[in-house]
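Engineer: Just a sequence and a predicted model for now, questions to come.
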Amino acid sequence: MENLIQLVNKIQRACTALGDHGEESALPTLWDALPSIAVVGGQSSGKSSVLESIVGKDFLPRGSGIVTRRPLVLQLHKIDEGREYAEFMHLPRKKFPDFAAVRQEIADETDRETGRSRGISSVPIHLSIYSPHVVNLTLVDLPGLTKVAVEGQPDSIVQDIENMVRAFIEKPNCIILAISPANQDLATSDAIKISREVDPKGERTFGVLTKIDLMDKGTDAVDILEGKAYKLNYPWIGVVNRSQADINKNVDMIAARRRENEYFASTPEYRHLTSRMGSVHLGKVLSKHLETVIKSRIPGLQSLISKTIIDLESELNRIGKPIAADTGGKLYVVMEICRTFDQIFKDHLDGIKPGGEKIYQVFDNQFPAALKRLQFDKHLSLDTVRKLITEADGYQPHLIAPEQGYRRLIESCLVSIRGPAEAAVDTVHGILKDLIQKSMNETVASSKLLMFELKQYPTLRVELGSAAVESLERMREESKKATVLLVDMESGYLTVEFFRKLPQDAEKGGNPTHSLFDRYNDAYLRRIATTVLSYVNMVCGGVRHTIPKSVVYCQVREAKRSLLDHFFAELGKKEGKQLASLLNEDPAIMQRRTNLSKRLELYRSAQSDIEAVAWDK
């Protein structure tokens, strides 16, 4: 059974070394699952004296105001023989046989973390004490609860200390050692008040009554110690600490324990309670209870550790191992990531992943709507038709039909199709750029059991994205040339059959016997405008199909075929250092991999240690 407390001590030290000391963490935490005993009390409640009585040594800093400003994880190890000594986790392999030096080191280490501003910190100090005169036990000494900040401390320190204490004791695996002075009303006890809030049924709380010998004459603490005044699940334990005069005289702890026992045995009110009073009894009770709680938690700990190991391994596999040092390994990783990105991009275009359907919406809705907004009928107003027809005739009026006028009217309308055609090219280009961004975010390349996320490598991400966008820019330019060429083709050669199918009569074509005024009357110009509008609408119906084909051929199809061709060509020319620069990992990812690896090592070690410990069935 004694091995259980030593096991928890070892795991707690490992947790602290990783920065996992019970605070909220994005990483799995083992500390919270480990049973611990937290010592809670107000200032001047005798908390420090209780701890020193259990240990049998003067080792805690003393003074006015808030002395304990960091949690102290005190691990007691019973040894068979030898000289007593202490060790700090932050000073490995250094033994402290002088406990006055221990007191000074606690004060110095507190200042190193908090500065000399008298502030507080939740980062614990780990202290192990090896002695033949202690029981195996682990206690967490928390800062004393206070109601007033002293000079040099922020006003918030009162609430900060309460928050820190609450954060420790509200955990279901925490055993609360509530220290209350007997010479004060129990209803005003800071320790009882906060313990009752987090443990209302008293299932995790041990009550310790100090300063019993300092109560007013005619009063006693029997009702409290017998559990009548305030009932807990466990019996109250009374202690008689050394007086300040004893401390000043350096009264021996062994003698102090003997006096304590004599006090209870010789005081009529407490004589019947002597067997369960005193600091020695308190240490034994806590040690036995901690062992029992640890034993009951072992199955749950094993389950938690096994599950967390699986989660950590999965997360490490997702992040991937560090990149191989050789050039070939680096090139392989870069190529795998690029090929994966390229395939994801194609999947978006082909409908395997969403996004490609937006391109069809351009051809089916946006481009036709843009053609309709050109409003050719307004462009073919009577004044415009008359102006262009007259200018096309020159100094001689046309004889039969104003062919040059028709051509100029048609060309002036068709040239405006360039705008919607180029807009379609630009819109598709924007969609393709968005798909590149989306594909980069989704790029996770796998190799056997390893996975590489593109976002791990900011430099590669930037260069890959730039190369892909540059390819799209080249494709956009080619697509614009092709689409504008299609529009210009329609202007350069008109469909003769359209005009041959029109009714040919002298009146519609113009009669040379009419006066110049009659030849340009409104009805005549309106018929010309109607004919031109019909032809332009016919052309729009055609380019509505040909321009999408051109855009798909020059942009979409080409992006699928050769988006990264130029990037791959340049990649083949890079040397080892250049490839390494591409794979400069995000420092946050590197740090997370390190943290996960250390934590995985902790859990595997804890799993092995727990399985190796034998405990009573």
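Structural biologist: Right, received. Where do you want to start? Please read all numbers here as calculations on a predicted model, not as lab measurements.

Engineer: Could you identify the longest helix within the chain?
Structural biologist: The longest helix of the chain (DSSP state H) is helix 279-319.

Engineer: Going along the chain, name the strands of the stretch 151-300 of the chain.
Structural biologist: 174-181, 205-210, 237-238 (DSSP state E, counting those that start in this stretch).

Engineer: So residue 136 versus residue 5, what's the distance?
Structural biologist: As judged by Cβ to Cβ, to the nearest Å, residue 136 and residue 5 stand 4 Å apart. C-beta here means a position set from N, CA and C on the backbone, and glycine is covered the same way.

Engineer: Name the next helix or strand following the longest helix of the chain along the chain.
Structural biologist: Once the chain leaves helix 279-319, the next helix or strand it forms, by DSSP states H and E, is helix 327-350.

Engineer: Give the residue spans of the stretch 251-400 of the chain that score low on pLDDT.
Structural biologist: The model of the stretch 251-400 of the chain has pLDDT under 70 over residues 320-325, 376-383, 385-388, 390-400.

Engineer: let's go with 90 and repeat that
Structural biologist: For the stretch 251-400 of the chain, the stretches with pLDDT under 90 are 251-260, 283, 286-337, 351, 355-356, 370-400.

Engineer: Who's the closest spatial neighbour of residue 234, skipping the chain neighbours?
Structural biologist: Leaving out its chain neighbours, the residue that sits closest to residue 234 by Cβ to Cβ, 6 or more residues apart in numbering is residue 206, at 5.2 Å.

Engineer: how near is that neighbour to residue 283?
Structural biologist: Separation of residue 206 from residue 283 (Cβ to Cβ) stands at 12 Å.

Engineer: Residue 212 - how many residues pack around it?
Structural biologist: Neighbouring residues of residue 212 were enumerated by other Cβ atoms under 10 Å; the total is 25.

Engineer: got the contact list for it?
Structural biologist: By Cβ atoms under 8 Å, 6 or more residues apart in numbering, the contact set of residue 212 is 182, 220, 221, 238, 239, 240, 263, 270.

Engineer: How many neighbouring residues does the nearest residue to residue 309 once chain neighbours are set aside have?
Structural biologist: Excluding the flanking residues, the one nearest residue 309 by Cβ to Cβ, 6+ apart is residue 603, at 5.0 Å. For residue 603, the neighbour count with other Cβ under 10 Å is 24.

Engineer: Helices of the stretch 151-300 of the chain, start to end?
Structural biologist: Using DSSP state H, counting those that start in this stretch, the helices of the stretch 151-300 of the chain run over residues 157-169, 190-198, 222-225, 244-248, 253-266, 279-319.

Engineer: TSV please, covering these and showing mean neighbour count.
Structural biologist: Listed next are those as TSV, based on neighbours: other Cβ atoms under 10 Å:
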stretch	mean neighbour count
helix 157-169	19
helix 190-198	20
helix 222-225	17
helix 244-248	12
helix 253-266	16
helix 279-319	17
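
Engineer: could I get those as a markdown table with distance to residue 120?
Structural biologist: Below are these laid out as a markdown table (distance: least, Cβ to Cβ, whole Å):
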| stretch | distance to residue 120 |
| --- | --- |
| helix 157-169 | 6 |
| helix 190-198 | 16 |
| helix 222-225 | 30 |
| helix 244-248 | 25 |
| helix 253-266 | 29 |
| helix 279-319 | 25 |
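
Engineer: quick one: buried residues of stretch 176-186?
Structural biologist: By neighbour count on 16 or more other Cβ atoms under 10 Å, the buried set for stretch 176-186 is 176, 177, 178, 179, 180, 181, 182, 184, 186.

Engineer: distance between that stretch and the chain's centre?
Structural biologist: 42 Å (Cα atoms, centre = their mean, to the nearest Å).

Engineer: cool, and stretch 55-74?
Structural biologist: Centre-to-centre, stretch 55-74 and its host chain are 36 Å apart (Cα atoms, centre = their mean).

Engineer: Can I get that stretch in CSV? Just the C-alpha atoms.
Structural biologist: Output in CSV follows, covering the C-alpha atoms of stretch 55-74 (Å, rounded to 0.1, in the frame of the first residue of the first chain):
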residue,chain,number,x,y,z
VAL,A,55,6.7,16.7,9.5
GLY,A,56,8.4,17.3,12.8
LYS,A,57,10.6,20.1,11.4
ASP,A,58,10.6,23.9,11.2
PHE,A,59,10.8,24.4,7.4
LEU,A,60,8.1,26.9,6.4
PRO,A,61,8.6,30.7,6.0
ARG,A,62,6.9,32.8,8.6
GLY,A,63,6.0,36.4,8.9
SER,A,64,3.1,38.9,8.7
GLY,A,65,0.7,39.1,5.8
ILE,A,66,0.5,36.5,3.1
VAL,A,67,3.6,34.3,3.5
THR,A,68,2.6,31.3,1.3
ARG,A,69,2.2,32.8,-2.2
ARG,A,70,2.6,29.7,-4.2
PRO,A,71,1.2,26.2,-3.7
LEU,A,72,3.7,23.9,-2.0
VAL,A,73,3.4,20.3,-2.9
LEU,A,74,4.9,18.6,0.2
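
Engineer: all numbers from here: first residue = 9
Structural biologist: OK, 9 is where the count begins now, so the last one is stretch 63-82.

Engineer: in the protein, which helix or strand is least confident?
Structural biologist: helix 514-517 (a mean of 44; mean pLDDT, DSSP states H and E).

Engineer: how is the chain carved up into domains?
Structural biologist: Here the domain parsing of the chain from the TED database is 44-288, 332-592.

Engineer: Pull up the distance across the first one, start to finish.
Structural biologist: Taking Cα to Cα, to the nearest Å as the measure, domain 44-288 stretches 19 Å from start to finish.

Engineer: Need the domains of the chain in a markdown table (columns: distance to residue 306).
Structural biologist: What follows is those, written out as a markdown table (distance: least, Cβ to Cβ, whole Å):
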| stretch | distance to residue 306 |
| --- | --- |
| domain 44-288 | 12 |
| domain 332-592 | 31 |
